[in-house]
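1. Here's a sequence, model it:
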Amino acid sequence: MRMFEFRCARCGREFEELVGENEVPSCPHCGSGDTERLLSACRCRRASGSGDARYAAPASGGGGCAGCSGGHCASCH
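-> Model (predicted):
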């Protein structure tokens, strides 16, 4: 299961939900099943030190993701 961002077509609210790859959750605000998965931006930075291809998560308090812009939501960690 992964964290995805969704938007409700009925009320327009955006929310995050932990779901399986093809699951479409109902809106937690209005209960509508007419929701769509949003494209989420991921911000990564190269791990310090070695020249290998490992990447580290953004530091807390940084730019974060589009959902929280503070680096503190569940999808950032």
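2. isn't residue 18 right up against residue 3?
-> Yes: contact status for residue 18 versus residue 3: in contact at 5.3 Å, counting by C-beta atoms under 8 Å. Where C-beta positions appear, they are placed from N, C-alpha and C, glycine not excepted.
3. Looking at the two, which is more packed in?
-> Between residue 18 and residue 3, counted using other C-beta atoms under 10 Å, the more crowded position is residue 3 (16 against 12).
4. Surely that one forms part of a strand?
-> Yes: the assignment for residue 3, made by DSSP: H, G, I helix; E, B strand; the rest coil, places it in a strand.
5. gap between residue 7 and residue 24?
-> According to C-beta to C-beta, to the nearest Å, residue 7 stands 12 Å off from residue 24.
6. wait, residue 34
-> The spacing between residue 34 and residue 24, counted by C-beta to C-beta, is 9 Å.
7. cool, and residue 16?
-> Counting by C-beta to C-beta - residue 16 and residue 24 are separated by 14 Å.
8. before we move on, the earlier item: and for residue 7 and residue 24, which residues touch both?
-> Common contact partners of residue 7 and residue 24 (C-beta atoms under 8 Å, 6 or more residues apart in numbering): 35, 36.
9. circling back to that earlier point, pull up the overlap in contacts between residue 16 and residue 24.
-> What both residue 16 and residue 24 touch, as defined by C-beta under 8 Å, 6+ apart, is the set residue 6.
10. Please, where are all the strands along the protein?
-> Secondary structure of the chain (DSSP state E): strands at 2-8, 14-19, 35-37, 45-46, 55-56.
11. All good on my end, thank you.
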